[in-house]
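Novice: model this:
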Amino acid sequence: MCFEKILLFAILAAPPRQPSTFLRLQPGPGSSFVYKLHIDRVDEHRTGDLYVSCKVRRNTGKQIVIDGTLTKFVMNGKDLTAKLKGHGKLTGTLPYNERSERIGNLDPMGFDRTITPQMFDLLKEVGIYLGNYPAEKVTPGYDWSGETTATGGCTYCDYKLKGFSKSLDKAYLEVTNIRLRFTGVQDGPMTMEIDMKHGIPTTVSYQVRSRPGNKLSRFKQTLVSFKPGS
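Specialist: Numbers count the residues shown, from 1 in each chain. You can find the predicted model right below:
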């Protein structure tokens, strides 16, 4: 076999080069987007849909300030948004850096317990799920430790980049070992699909079993709409 054929065979047999890139939170100032968080309390036969409208108030590159407002609340298919009036703070402010780490002072939403226990049990889950990205470039298979939102609030976890879409406009993350703040245990990995252009998730899914009781809850956050800013 001639040298040229040997070289051609080696090139054809070589594995494809894995893409290497930074993961960054980078919605432009003035960008607005809406998330729906669907909660399924499986063993209690109760569901909730929490719609949060987000607005990027400021993005300096070092600090991204997002205002989030709960605009709609549905329980078991019934719109109960009107019942929230006078029972809580429907807007919160979330400051992040470009790696999607929370920085500065968090001004959260909150609800009082004068609403029904069934409503409060769902409303306490309000928030938005974002990724948390490493400082360095990543390739498929790369793993790191960081933060995530989960039932009970912001906590720590382990990430792994599972891969990219063929067009490289989406990244797929797997999140494990979530340190849940209250009694409960993660049931299977959390999965995130990240929009690479803006660094925000398009979908987030995971499930948790309560301790004690072993009751199953499923969570799925979906990006309903996105309007870019400047």
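Novice: how about the nearest residue to the residue sitting nearest the centre point of the chain, chain neighbours excluded?
Specialist: Central residue of the chain (CA atoms, centre = their mean): Y129, 2.7 Å from the mean position. For Y129, ignoring the flanking residues on the chain, the nearest one in space by CB to CB, 6 or more residues apart in numbering is V204 at 4.3 Å. C-beta: built from backbone N, CA, C; applies to glycine.
Novice: Can you classify the one you found by secondary structure?
Specialist: Under DSSP: H, G, I helix; E, B strand; the rest coil, V204 falls in the strand class.
Novice: Equivalent analysis for the one 10 residues further on, please.
Specialist: For N214, the assignment made with three-state DSSP gives coil.
Novice: I'd like the distance between it and G184.
Specialist: 10 Å (CB to CB, to the nearest Å).
Novice: now L50
Specialist: Distance of L50 to G184, computed by CB to CB: 19 Å.
Novice: picking that back up, pick out whichever of N214 and G184 has more residues nearby.
Specialist: G184 (20 against 11; other CB atoms under 10 Å).
Novice: Tell me if I'm right that the more buried one and G213 touch.
Specialist: No. The criterion here is CB atoms under 8 Å, and G184 misses it with G213 at 9.3 Å.
Novice: Now do the longest strand seen in the chain: which elements does it pack against?
Specialist: As assigned by DSSP state E, the longest strand anywhere in the chain is strand 46-59. With contacts taken as 3 or more CB pairs under 8 Å, 6 or more residues apart in numbering; DSSP states H and E, strand 46-59 sits against strand 32-41, strand 64-75, helix 117-123.
Novice: please redo it, this time with the cut-off set to 10 Å
Specialist: strand 32-41, strand 64-75, strand 91-96, helix 117-123, strand 216-227 (3 or more CB pairs under 10 Å, 6 or more residues apart in numbering; DSSP states H and E).
Novice: what angle sits between it and strand 91-96?
Specialist: 60 degrees (axes from the mean of the first three to the mean of the last three CA atoms, to 10 degrees).
Novice: Now do the buried residues in strand 46-59.
Specialist: T47, G48, D49, L50, Y51, V52, S53, C54, K55, V56, N59 (16 or more other CB atoms under 10 Å).
Novice: Tell me what angle that strand forms with strand 32-41.
Specialist: 150 degrees.
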